[in-house]
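Novice: need a structure here:
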Amino acid sequence: MKTKILIIGACGQIGTELTAKLRETYGVENVVASDIRKLENDVVNNGIFEVVNALDYNQIEHLIEQYEITDVYLMAALLSATAEKNPAFAWDLNMNSLFHVLNLAKAGKIQKIFWPSSIAVFGPTTPRDNTPQYTVMEPSTVYGISKQAGERWCEYYNKQYGVDVRSIRYPGLISWATEPGGGTTDYAVDIYHKAITEGKFTSFLSEKTGLPMMYMDDAIKATIGIMQAPSEQIKIRSSYNLSAMSFTPAQIAEEVKKHFPDFTIDYEPDFRQKIADSWPASIDDTSAREDWNWSNDFDITSMTNEMFKNLKENIYN
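Specialist: Model prediction:
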């Protein structure tokens, strides 16, 4: 049976680039992008696009039937810092959108689900360095709580109903193609923009705050990779740890200075510092590497080179 894909939340930070790669991989006619609103962008203009509310079961079901969808990528969510400002809505969106697609799969309407989790599932009691796949998880943010609960439901639906749901815990993601979207790790996107436009940057995290990070190309590679892997290779049905690199604001500033020697950085930690302090500094992703052959292509140096190359060519030309 031909793979027919629905992406819910296709205009978000990950969804934008995931949509482009899925269209390239499976053919434009086999990928349906959707979001809560219709923006003027490539996601909308370069293929099939439908307006859909991730909280509306009937809308999602209608699209799945209309386009004979086999695989759903559920990318709609309220991110960490934004979710803290509206906890009730964040819980509603992050949880009920997941229930909708899990129940559609349980009913036999779709074959496979991708649902992203996050390092936010960990908390202040989790071992911070080389955080294991299985460890203490006491998240202290609404986003983290919803992702941890979502992991448990994914595993439950797989064990109880045979739903083929696959998930990875994204670290902080860095991309030139989309604006920072309200995440705690987004300083590592903004710093590149400010280096080009202002030659200086004020970090909302302290200089020694190490966090797991990943270039967006690697995140897209992992997302499609886990979905293309044979079902028997996916041994963890909650969510896989995923890692590429870890660095602090001071370390990324040093990389920036290789391109802009006069660049300066200062530090004014805000409410996001508390969130970052509750997350791991580095991640052990051995299970993903062994089970479905995950490997990253980018480190901090090659990522920085790519970020400046693409920003100069596409944004600030």
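
Novice: From here on, just use CA atoms for contacts and neighbour counts.
Specialist: Noted.

Novice: just for the protein, where's the confidence low?
Specialist: 181-182 (pLDDT under 70).

Novice: Now do the helices in it.
Specialist: Remark: helices assigned in the chain by DSSP state H are 13-26, 42-45, 57-67, 80-85, 87-106, 142-161, 187-197, 216-228, 249-259, 271-277, 286-291, 300-314.

Novice: just checking, what packs against the fifth one?
Specialist: It refers to helix 87-106. With contacts taken as 3 or more C-alpha pairs under 8 Å, 6 or more residues apart in numbering; DSSP states H and E, helix 87-106 sits against helix 57-67, strand 71-74, strand 112-114, helix 142-161.

Novice: buried ones in it?
Specialist: 90-91, 93-106 (16 or more other C-alpha atoms under 10 Å).

Novice: for it, the distance to its chain's centre please.
Specialist: Taking the mean of its C-alpha atoms, helix 87-106 sits 16 Å from the chain's own mean (C-alpha atoms, centre = their mean, to the nearest Å).

Novice: my guess is Ala244 meets Trp294, correct?
Specialist: No - Ala244 is not in contact with Trp294 according to C-alpha atoms under 8 Å; the separation is 10.1 Å.

Novice: Could you pull out the buried residues of stretch 216-225?
Specialist: Those would be 216-224, for stretch 216-225 by 16+ other C-alpha under 10 Å.

Novice: With stretch 233-242 instead?
Specialist: Buried residues in stretch 233-242 (16+ other C-alpha under 10 Å): 234, 236-242.

Novice: what do you get for stretch 288-303?
Specialist: 288-289, 291-292, 294-296, 298, 300, 303.

Novice: Tell me the one of these nearest Leu39?
Specialist: Relative to Leu39, the closest of the buried residues of stretch 288-303 is Met303; by C-alpha to C-alpha it sits at 28.0 Å.

Novice: How about that closest one, nearest residue that isn't a chain neighbour?
Specialist: Tyr215 (6.3 Å; C-alpha to C-alpha, 6 or more residues apart in numbering).
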